[in-house]
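> Fold the following and give me the result.
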Amino acid sequence: MKKKVITLILLSFLISVFGSGLYPHSAKAIKNETIHRGVSEDTYEPTGNAEVGYPQIAIRSNRTAERTNLDEVVALADTAADEFPKEDAENRSKAVLKVLYEYFASGVVGHSWIVVFNSDRPGDFTSYGYHGGQGYTKNGTDPETGNDSAERKFHAEKVAKLDISGEEFSKKFEREYVPKLNLESYLTGKAMGLEGSLERGTYTPINNCTWFAGAVWKYATNDQDLVYEQPFNGSAHAEDWGMPFLTSVNKIADPGMLSESILLNVPTK
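The predicted model follows:
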């Protein structure tokens, strides 16, 4: 019951903020204001990893093994908040939410996605991802709207053999789990004033590409060792940013954290 109350408070707060006309449409601007992360696409594996066997599922990231520096994100948010006096919680929160959305939707932190290989035959795969302005994507190949193809180069990946055929897995996954993820992101996006649909969900700073890819990986493999979220002490900023709901936020999904976990074997937190 307590969690439901907190959720309702969060949704009401977000609706009040974004319902007043503040919509984060300038995500690309943040690229010129922040340090670019170690985005690297140096590995090409269009038919999967033959050593693992088929069918198989792969989670991929184009980030180097370096988690996003949240201190930089906090500094950006602090600067935005400080444009308004301490007692103006409403405008401080609007400014911070805008900066956070722009940062995480800009692409500077990299991308994570899922590929299911049915066999070692070229093109015999199904890919899945989550993208800004698109939400859930299947077999996306367009660099502008979402490329999750097995043909896309990457930097880090983890692969596991499936115990059912790739086709069976995809049907089961799309029927059982995709609607749940899309509903979750759609409701969050609706509260934020972002466009989306129940069919494709909504990409948000919370429901980002790594949130989706990590959730799918755990659904498929029950792997509890992969770390794709890094700790974030929301309570430390809730009052200053005028965001009381941050007291319940303690982690953020991040492509850099995912790559770090894969390549450096970061233990489960």
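
> how close does F117 sit to L162?
The gap separating F117 from L162 is 9 Å, by CB to CB, to the nearest Å. For the C-beta atoms, the positions are set from N, CA and C on the backbone; glycine is no exception.

> Next: V73.
36 Å.

> what do you get for G234?
From G234 over to L162 the distance is 36 Å, taken as CB to CB.

> more crowded one of these two?
For G234 and L162, the more surrounded residue by other CB atoms under 10 Å is L162, and the numbers stand at 20 against 17.

> pretty sure that one contacts G53?
No: shown here, L162 and G53 do not form a contact pair, counting by CB atoms under 8 Å, at 9.3 Å.

> Quick check: neighbours shared by those two?
Counting by CB atoms under 8 Å, 6 or more residues apart in numbering, no residue touches both L162 and G53.

> Could you check the pLDDT of the residue nearest the centre of the chain?
By CA atoms, centre = their mean, the chain has its centre lying nearest to N208, at 2.3 Å. Here the pLDDT value assigned to N208 is 91.

> Likewise for Y54?
98.

> Count the neighbours of it for me.
Neighbours around Y54, by other CB under 10 Å: 18.

> Same check on P85?
Other residues within reach of P85, judged by other CB under 10 Å, total 9.

> repeat for L183
12.

> Please apply the same query to I252.
Count around I252 with other CB under 10 Å applied: 23.

> and it, helix, strand or coil?
Assigned by DSSP: H, G, I helix; E, B strand; the rest coil, the conformation of I252 is strand.

> Tell me the bridge partners for it.
Q230 (DSSP bridges).
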